[in-house]
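J.: Fold the stuff below for me.
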Amino acid sequence: MIPKTDKKQAYLLADQFINHLRVERGLSDNTIQSYGHDLIRFLQFLEQKKISPIKAKRDHIAEYISSLSPLLSARSIARNLSAIKMFFRFLISEGKIKDSPARLMETIKLPGRLPEILSCDEVDLLLSQPDISDSLGLRDKAMLELLYATGLRVSELIGLNLININLEAGYVRTIGKGSKERMIPMGQKAIDAVKAYISDGRAGLIKGRNPLHLFLNAKGKAISRQGFWKIIKRYGVMAGIKKKITPHRLRHSFASHLLEGGADLRSVQVMLGHADISTTQIYTHVSRERLKHVHEKYHPRP
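T.: Next comes the predicted model:
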């Protein structure tokens, strides 16, 4: 049986690791939460084997990863392995172990998955759904227009404060992954929608408060991630769009439509806030697939 002191130390190390991800690595809350769940699952596995993480071996990790195969997708298993590797690297940096048992574990290769996007007509249809005769409709219109105009992550969108928006210059300033600041231009339609919301809609949601957040819910508080997910899903249903509508799909559409229109990859990378341009390159595949489809459909000798 694993000693209680070792068990307590294991979970203390897990807490320190999660704090490390938040403070030192600057990862998003969602990523930290996912890695935390993955790590706890792994520690519970070691606990059943009566093994302290300090004494874990490569074979233990391999057995654990193998045990996940019937339960999780390849993508989730790959994330689990990534969390474990980062945890053991953290233990090395803290002087708890000298070498990582996960160091030689092969990264799980995932099948290439192209992001699904909306067509320009579908985006227009989605963005035309909010009823701008009331405060909530003005807010929803502004959020959708701004999301498509800038490609913001949903966490970045709902985290915007009033000072992050410069309507005169036409840009939005946000802090993305890794605590990196970026400034993204927004088109006139987004500017007009945000202006209308601030001047005519937001005042109706303040409820006597003095909130800093740009986008508020019906109670005058910052709108939540889940709240906006429900909003965009509802408008997708109203628009009659059969595809699953999510904030990230609108972000994918933003990037793909820019590249299809002739934007250069580097500019799209900067606007999306990708640290590595290889992450952005997946959208060039989307554009190529679209060109292939158009060619097959319209060329006289496909």
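J.: How about residue 160, nearest residue that isn't a chain neighbour?
T.: Taking Cβ to Cβ, 6 or more residues apart in numbering, and ignoring the residues beside it in sequence, residue 160 has residue 214 as its nearest neighbour in space, at 4.4 Å. Every residue, glycine included, has its C-beta placed from N, CA and C.
J.: Show me what counts as buried in the helix or strand where residue 42 lies.
T.: Counting by DSSP states H and E, the secondary-structure element that holds residue 42 is helix 29-48. In terms of neighbour count (16 or more other Cβ atoms under 10 Å), helix 29-48 has its buried residues at 31-32, 34-36, 38-39, 41-43, 45-47.
J.: So for the residues you listed, which is the shakiest by pLDDT?
T.: In terms of pLDDT, the lowest of the buried residues of helix 29-48 is residue 31, showing 84.
J.: residues in contact with that one?
T.: Under the criterion of Cβ atoms under 8 Å, 6 or more residues apart in numbering, the neighbours of residue 31 are residue 21.
J.: List of residues touching the host helix or strand of residue 172?
T.: Taking DSSP H and E as the definition, residue 172 sits inside strand 171-175. Outside of strand 171-175, the residues within contact range by Cβ under 8 Å, 6+ apart are 146, 150, 152, 156, 159-160, 164-166, 181-186, 273.
J.: I'd say residue 56 and residue 101 touch.
T.: Yes. In terms of Cβ atoms under 8 Å, residue 56 counts as a neighbour of residue 101; the distance is 5.5 Å.
J.: Find the residues that touch each one of these two.
T.: Here residue 56 and residue 101 share the contacting residues residue 88, scored by Cβ under 8 Å, 6+ apart.
J.: quick one: which of the two has more around it?
T.: For residue 56 against residue 101, the residue with the higher neighbour count under other Cβ atoms under 10 Å is residue 56, and the figures read 25 against 20.
J.: Would you mind measuring from the more buried one to residue 90?
T.: With distances defined as Cβ to Cβ, to the nearest Å, the gap from residue 56 to residue 90 amounts to 13 Å.
J.: likewise residue 141?
T.: In terms of Cβ to Cβ, residue 141 sits 44 Å off from residue 90.
J.: Secondary structure element for residue 145, which one?
T.: Assignment of secondary structure by DSSP H and E places residue 145 within helix 135-150.
J.: show me what contacts the residue nearest in space to the middle of the chain?
T.: Among the residues of the chain, the one closest to the centroid is residue 153, at 5.7 Å (Cα atoms, centre = their mean). Contact criterion Cβ under 8 Å, 6+ apart gives 28, 176, 177, 247, 248, 251, 273 as the residues in contact with residue 153.
J.: Could you measure from it over to residue 28?
T.: With the distance defined as Cβ to Cβ, residue 153 ends up 8 Å from residue 28.
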